[in-house]
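[1] Sequence and predicted structure are below.
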Amino acid sequence: MNTSYTVIGKYERDEMLPSIEVAKKLAQLLDTTVGYLLGEASSSSTFKDPAMLQRLNEISALPDEDKHCILYTIDGLLQNARTKKAFAHK
């Protein structure tokens, strides 16, 4: 990461926050995402799946009304999957 042990120690002790560039390098070295390092994503691979990212980008580029309809549908499908999973474990 081209930094000193002193600086790394400060990161570890929460005495100093890394810059965005350092966070990007660290995520790359750890084969994860900055979002995962920040606790914003529960899975380190969620945002690394190219097919999933492509879908999210396509949805994001749609008009708001279309986006709302697609996300509403996805929410329903996810709820259905969670319900199936919950009953399968009983």
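    Good, I have the coordinates. All figures in this text were calculated on a predicted structure; none of them were measured in a lab.
[2] In contact with residue 16, which residues?
    Shown in contact with residue 16 (Cβ atoms under 8 Å, 6 or more residues apart in numbering): 7, 10. Just so you know, the C-beta spots here come from the backbone N, C-alpha and C atoms, and that holds for glycine as well.
[3] Could you list every helix and strand that the longest helix along the chain packs against?
    Assignment by DSSP state H gives helix 64-88 as the longest helix of the chain. If you count contacts as 3 or more Cβ pairs under 8 Å, 6 or more residues apart in numbering; DSSP states H and E, helix 64-88 packs onto helix 50-60.
[4] Mind exporting the C-alpha coordinates of the helix it packs on to CSV?
    Extracted in CSV, the C-alpha atoms of helix 50-60 (Å, rounded to 0.1, in the frame of the first residue of the first chain):
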residue,chain,number,x,y,z
PRO,A,50,-20.4,-8.3,-13.3
ALA,A,51,-23.9,-9.6,-14.3
MET,A,52,-25.5,-8.2,-11.2
LEU,A,53,-23.8,-4.9,-11.6
GLN,A,54,-24.9,-4.7,-15.2
ARG,A,55,-28.5,-5.3,-14.2
LEU,A,56,-28.3,-2.7,-11.4
ASN,A,57,-26.8,-0.2,-13.9
GLU,A,58,-29.6,-0.9,-16.4
ILE,A,59,-32.3,-0.4,-13.8
SER,A,60,-30.6,2.8,-12.5
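[5] for residue 8, helix, strand, or coil?
    helix (DSSP: H, G, I helix; E, B strand; the rest coil).
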